[in-house]
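K.L.:
Whatever this is, show me its structure:
(2 chains)
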Amino acid sequence: MPEPVIILPEGTHEPADGEIIKLALLAVGGQGGGVLGDWIVDAAERSGYLAQSTSVAGVAQRTGATIYYIEMCRDTGRRPVFALSPAQGDVDILVAAELMEAGRAIMRGFVTPDRTTLIASSHRIAAVSEKIEPGDGRASSPKVLAAAEAASKRFVTFDMERIAVQAGSVISASLLGALAGSGALPFPRESYEAAIGAGGRGVKQSLAAFAGAYERAGGEASVPPHGSGPGGLPDQGKAHLTPSSATAADSASSTEMSAPPVLRTPLPGPSPRKDGEKGAVVAPAASSASLKVSETRDTASLSPSLRGEDGGSQVRGGANPTEFGVSGPASQLAGWKTLTARISALPEPVRDMAARGLKKVVDYQDLAYGGEYLDRLARAVALDSPTHNYALSVAAAKHLANAMCYDDMIRVADLKTRSTRAARVRREVGVRDENVLRVTEYFHPRIEEFCGTMPAGLGRYIEARPKFSAWLDRRINRGRHVRTDGFAGFATLWIIGGLRRWRRKLLRHAVETEHLERWYALALDHVATDYALAVEILECRRLIKGYSDTHARAQSKFERVLSGLDLVKGRTDAADWIRRLREAALKDEKGDMLDGALKTVASLGQ
Amino acid sequence: MAERSFAEEVKKLRLGAGEEFSGEGILAITKALLQCGVGYVGGYQGAPISHLMDVLADAQDILGELGVHFEASASEATATAMLAASVHYPIRGAATFKSTVGTNVASDALANLASGGVTGGALIICGEDYGEGSSIMQERSHAFAMKSQVWLLDPRPNLPSIVKAVEDGFELSEASNTPVIMEVRIRCCHVHGQFIAKDNKRPAMTVADALSAPRRDTGRIVLPPASFLHEKEKVEKRWPAAVDFIRRNKINEFFGAENGSVGIVMQGGMYNAVIRALQRIGLADNFGDTQIPLYVLNAVYPLVDDEFLDFCEGKDAVLVVEEGQPNYIEQAFAAMLHKAGRDTKLVGKEFLPMAGEYTGQVMLDGLGAFLRAEAPHMLPAAVRAPNKAGNGHEIPDLSRVVPGRPPGFCTGCPERPIFAATKLVEQELGKHHIASDIGCHLFSIMPPFELGATTMGYGLGPASASAFNSPDAKKRSISFVGDGGFWHNGLTSSIGNAVFNRNDGVIVVVDNFYSAATGGQDILSSRATNRSKSTKHPITEAVKGMGVKWVRHIDRTYDVSKMQATLREALTTEEKGPKVIVASSECMLNRQRRERPLLDKAIKGGETVVKPRFGVDEDICTGDHACMRLSGCPSLSVKSLDDPLRDDPVAHIDQSCVGCGNCGEVADAAVLCPSFYRADTVHNPGGWDRLLDRIRRKAIGLLQRFRESRRLTFADA
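P.N.:
Modelled structure (predicted):
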């Protein structure tokens, strides 16, 4: 292969009147890319244009990245030669039905600063590779947004999926609205709407989704069908939000950028923008104090590669945690007040996390358990200092709460029998009052769970007798589908949930408490010699999750990561190594990456 | 029932002379067949020509009126063998399939057909599955044309050209007594465009006419001595006739300037891409008018020597644009120039890549390099002397950010639980050698399942495991075959072979009631009632009929535990010989298409309808994603929680869930976690149901209030 020798002349490219307009559409199979393509062709033909569309879509599977391609040219009576596939650097409009597909378009060279208007929905559809990581395997949206801004001549992005769903339609309609509203094509709004109308199905909803996205994208579609070329439209009446001026809430939902390539400026620091889904859940009432704390936590104590870069999880909101709407018997409310008073006595940076942790453990068990939690936390706070902005105490507040609220049968049964849960299920499923809802829960208890729910002595007795255990297991170990809309099923779970008051006497509690104390002491023992390392040891609690085998595997990863402790202790970068081991452990199911990382650690000393 | 109804498209097949047809490329071909007076059509579905088959299947009425016989052939070999009807009778026939996989299967019949030759026009329409969007090995159909000496058309990718190519194809076939292949690439099959229709023609002789007046001619049968004569006839009679036809009817086209120092020869299918590259370089306008002489081969085999040599006359250099390898055309042209003693320089793969699709960028680079080397004076100054590479903008590299998104199982796919069960069995019994087949089930090789070591052809999954049959083996092989592959070829090549050779492996037949990957066409074992085809022939009966003794039928693949137990049994049983598990559940895509409108209607009509859906209790989910490693369902995804105490996203099921049951079954079979719940919404419940529900909710409410009045309750908990 020779080196490419044709380098086309530089400069901003605008297809002049009569030139061919090239539009590529990247979507995830099943998003309705074919329908959108048909609409665009229809709108073009209604506007006095010749159009040709093509695709490589196979017929059946509804997943995987797909691409559609359309060329259009004003009808002058003679048919132009249209190409059948998009070429790098030769696309005027790129429509991406999902954010990572916009990223893929950029990678493939279909988005170039001299000519491409990029219209992309900011929502995410996680790919399989992103979903199967035991940690957070999701790709970084901010990186793609930054690249899109740099690569495009004009970038129009907002959550078009949400607009479509709100209108009861599908994303193809809101994508068409964004395309029309952007004014990137010289067609009047009526042409697009007529195209939707001609489709015949779900027209009303589609038009609503179209209109929503049209307004959002600027609402300034070209009026004269044979007027100025694409992209050459005046930008009057549009709000231009630059990333630095946009507030978090605003930019989460809408970003419209238009900057000539020469004036392009890089994004200032980590973008405050987030994907739309998160934007929807950020409570505007979030107190600045709680936001500040979570930012501190993010920058100071968490691994940046796993969390910090994902703008989506940077800003966390919610009501001020010490003011949870709490209700209950008066005596308990008084007890709760006493506990929250202890929170106020904590150093300011620790309060937010401690309040959330306290709520979690009290909700899990009782007020006394909340007291135990604060006692444990106090041990970390006593060793802590403002020098490190209380990173140790914040980590302790978080992970102690998680460790104390271990996932046992009682907790699951308790959560599944609450009235709030029943309401949530009805809401999520969208059950109307005149409908009846049947809910089936899937349980698969084993002898381990059974013994864990026995008084410690009895549980240990059974566990020490393998033959008896196996005999019991054969009777217990099978899938149980419990109907919690029925009284018998519900009552069974309700009774198990009621075992809560005896939880402290049960075997599982003894095991968990012992494990917790060992881990917590290990961390605190390191504070004096290596503060950062102590924080990292606390953070390793993140590894413990899941039920049954998954839980056992998580425990094993936790032990393996901490087994690296002896190897790195004393090194100046010990904390860093433990963090790396932990991140490796979250990458795959069995911990293959972790084993590799451990080998690297083992070789350090040699 | 195919995945789409083509009722609208079928109307287009009725268009008369002078009316404008507007639609997809393959539908234009379908219309062209009827305009040519075709007597019978057969084929095997597969992208990119599936819709051709689907339209014909939906057009039974029109075909009936015209006296055209249509057959959904059992395989590409069947379809090609069907063209035998054109050997003795002057009936035009067409067969269609994807290439090169279909051509591979068809090649036995094709070689026999080509040897004896044809009387009526025989046209094979190959959907060339090459380049982006392709799902098969990257090969050329060209070699098949060369080896059997059948003619190959490669028309320019626009509707009028491909329609004309169908007409030309039949005439060429008749003029040279040779079958003709017409190749159309993926994007050309799916291109939307227009052409002016002609009236449909009744075949001059129908298959019914032929049956009532049978003919035979021993000289057309492939057996010595006729077969030796056939070979001579091919080169002495049929070849010259074809060349003459192509020349006389100007099948190949010339564009651009009459004279020039350089010229470009291309396959017809490459024309639009060549013009686009020339447009971008500044040497062609929108309409393809250019200063560069172009020679467009709508017939790429045979080549017309004098046409080519005339084109080269007075040219210093000629570029051959030929996609794929080996570069047969370029080699043939080079030989012609050499033998004619010409000094025109012939280039091709020096400037264009030997392998891979000729995309826009490849074409721009290749043509640009050619022109810079051979005709720099023609290039505009700005293109000729660029001062720097790149356009000066730094675009961040996203290759490590953007995740791959290969196709996978659809939401609710009944094949997912089969592979979840296989993965669980492997966790129990260790890794096994797994042979895969062609079809949706091949997605098992991708994450999250990553099962399957090879794929050797349609219906050949178990055949490809046949070597793994040893008395010393401690483990059995597992092989998969879909219902499509099973009926295509698998029953004999895989099952029969396993019985005969006493293979001890496990064979899983994935039965989803359709040839699903190609668009949901009916096959023998389909459960649907088909107006024109015979369905409902159980695979289990066929397998038993082949002599398999150990057969298990799972009639609900979503029962992961049962699937797992059956696989375990098959892998561990003492019984010798092939162990066949037929795992049946309807393709969810087709099922939804079939059921959804009916259910919506029933709900509107006040009937009691139960709609299932799954959900996740996010406070119970711990964010390990073990469930997703056994699923990969598009509706099961990750979601961030608005809780600083939680680091990892939890599982979440969105509105697109169809309630197939896999999540709950897997959570149970793999002992994962109790986060999943199934929520069945009963629409229009009966009076008794409503009453019972009210009582239950009251009683449950009592228990809830009892507990909640004795504890602290947090508003957002």
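K.L.:
C-alpha only now, for contacts and for neighbours.
P.N.:
Will do.
K.L.:
Which helix in chain A has the most residues?
P.N.:
In terms of residue count, the longest helix belonging to chain A (DSSP state H) is helix A:507-525.
K.L.:
which residues are contacting that one?
P.N.:
If you take CA atoms under 8 Å, 6 or more residues apart in numbering or on different chains as the criterion, helix A:507-525 is touched by A:380, A:383, A:400, A:403-404, A:406, A:408, A:451-457, A:459-460, A:503-504, A:533-535, A:537-538.
K.L.:
again, only this time at 7 Å
P.N.:
Contacts to helix A:507-525, defined as CA atoms under 7 Å, 6 or more residues apart in numbering or on different chains, come from residues A:380, A:403, A:451-456, A:459, A:503, A:534, A:537-538.
K.L.:
I'd like the distance from whatever helix or strand comes next after it to the chain centre, please.
P.N.:
Next in sequence after helix A:507-525, counting helices and strands by DSSP states H and E, comes helix A:531-539. Relative to the chain's own centre, helix A:531-539 is displaced by 26 Å; criterion: CA atoms, centre = their mean, to the nearest Å.
K.L.:
packing partners for helix A:531-539?
P.N.:
Applying 3 or more CA pairs under 7 Å, 6 or more residues apart in numbering or on different chains; DSSP states H and E, we find helix A:531-539 packed against helix A:391-404, helix A:507-525, helix A:574-585.
K.L.:
Relative to its centre, which residue of chain A is most distant?
P.N.:
A:Gly77 (51.2 Å; CA atoms, centre = their mean).
K.L.:
tell me the SS of it?
P.N.:
coil (DSSP: H, G, I helix; E, B strand; the rest coil).
K.L.:
for it, phi and psi?
P.N.:
A:Gly77 has phi and psi values of phi 100, psi -10 when expressed as degrees, to the nearest 10.
K.L.:
how about the CA coordinates for the helix ranked longest in chain B, as CSV?
P.N.:
Of all the elements of type helix in chain B, the one with the most residues (DSSP H) is helix B:687-708. Written as CSV, here are the backbone C-alpha positions of helix B:687-708 (Å, rounded to 0.1, in the frame of the first residue of the first chain):
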residue,chain,number,x,y,z
GLY,B,687,-63.9,-10.0,39.3
TRP,B,688,-62.6,-12.9,41.4
ASP,B,689,-59.0,-11.8,40.7
ARG,B,690,-59.7,-8.3,41.7
LEU,B,691,-61.4,-9.3,44.9
LEU,B,692,-58.6,-11.7,45.8
ASP,B,693,-56.1,-9.0,45.1
ARG,B,694,-57.9,-6.5,47.3
ILE,B,695,-58.0,-8.9,50.2
ARG,B,696,-54.3,-9.9,49.8
ARG,B,697,-53.2,-6.3,49.6
LYS,B,698,-55.2,-5.5,52.7
ALA,B,699,-53.7,-8.3,54.6
ILE,B,700,-50.2,-7.5,53.4
GLY,B,701,-50.7,-3.9,54.3
LEU,B,702,-51.6,-4.9,57.8
LEU,B,703,-48.3,-6.7,58.2
GLN,B,704,-46.4,-3.9,56.7
ARG,B,705,-47.9,-1.3,58.9
PHE,B,706,-47.4,-3.5,62.0
ARG,B,707,-43.7,-3.5,61.4
GLU,B,708,-43.3,0.0,60.1
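K.L.:
List the buried residues in it.
P.N.:
For helix B:687-708, the neighbour count (16 or more other CA atoms under 10 Å in any protein chain shown) marks B:Arg690, B:Asp693, B:Arg696, B:Ile700, B:Leu703, B:Gln704, B:Arg707, B:Glu708 as buried.
K.L.:
Roughly how far does the closest residue to the fourth one other than its chain neighbours sit from A:Phe443?
P.N.:
When the adjacent residues along the chain are set aside, B:Ile700 lies closest to A:Phe487, with 6.5 Å between them (CA to CA, 6 or more residues apart in numbering or on different chains). For A:Phe487, the distance to A:Phe443 under the criterion CA to CA, to the nearest Å works out to 17 Å.
K.L.:
Point out the most buried one among the helices and strands packed on helix A:531-539.
P.N.:
helix A:391-404 (a mean of 26; mean count of other CA atoms under 10 Å in any protein chain shown).
K.L.:
any residue of that one up close to chain B?
P.N.:
Yes: contact between helix A:391-404 and chain B, assessed by CA under 7 Å from any CA of the partner chain, occurs at A:Lys398.
K.L.:
ok, which residues in the stretch 301-450 of chain A are in contact with chain B?
P.N.:
Residues of the stretch 301-450 of chain A lying near chain B (CA under 7 Å from any CA): A:316-317, A:324-329, A:332, A:363, A:398, A:412, A:418-419, A:431, A:435-444.
K.L.:
Looking at these, which are in helices?
P.N.:
Per DSSP H, these map to helices at A:Gln332, A:Asp363, A:Lys398, A:Val412, A:Ser419.
K.L.:
Looking at these, which is nearest A:Met593?
P.N.:
Taking CA to CA as the measure, A:Met593 sits nearest to A:Lys398 out of these, at 26.1 Å.
K.L.:
contacting residues for that closest one?
P.N.:
By CA under 7 Å, 6+ apart, A:Lys398 lies in contact with A:Met353, A:Gly357, B:Leu645.
K.L.:
Reformat those residues as CSV; add secondary structure and distance to B:Thr622.
P.N.:
What follows is the contacts of A:Lys398, written out as CSV (DSSP: H, G, I helix; E, B strand; the rest coil; distance: CA to CA, whole Å):
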residue, secondary structure, distance to B:Thr622
A:Met353, helix, 19
A:Gly357, helix, 16
B:Leu645, coil, 12
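K.L.:
now these: which count as buried?
P.N.:
A:Met353, A:Gly357, B:Leu645.
K.L.:
Export those residues as TSV, with columns for distance to A:Gly89 and pLDDT.
P.N.:
Putting the buried ones among the contacts of A:Lys398 into TSV (distance: CA to CA, whole Å; pLDDT from 0 to 100) gives the following:
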residue	distance to A:Gly89	pLDDT
A:Met353	50	97
A:Gly357	53	97
B:Leu645	46	96
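K.L.:
Can you name the residue of chain A nearest to chain B?
P.N.:
Closest approach between chain A and chain B, counting by CA to the nearest CA: A:Gly64, at 3.8 Å.
K.L.:
What is the neighbour count of that residue?
P.N.:
When neighbours are defined as other CA atoms under 10 Å in any protein chain shown, A:Gly64 has 19 of them.
K.L.:
Let me see the contact set for it.
P.N.:
With contacts defined as CA under 7 Å, 6+ apart, A:Gly64 is in contact with A:Val28, A:Gly29, B:Arg405, B:Pro406, B:Pro407, B:Gly408.
K.L.:
Thanks a lot, see you next time.
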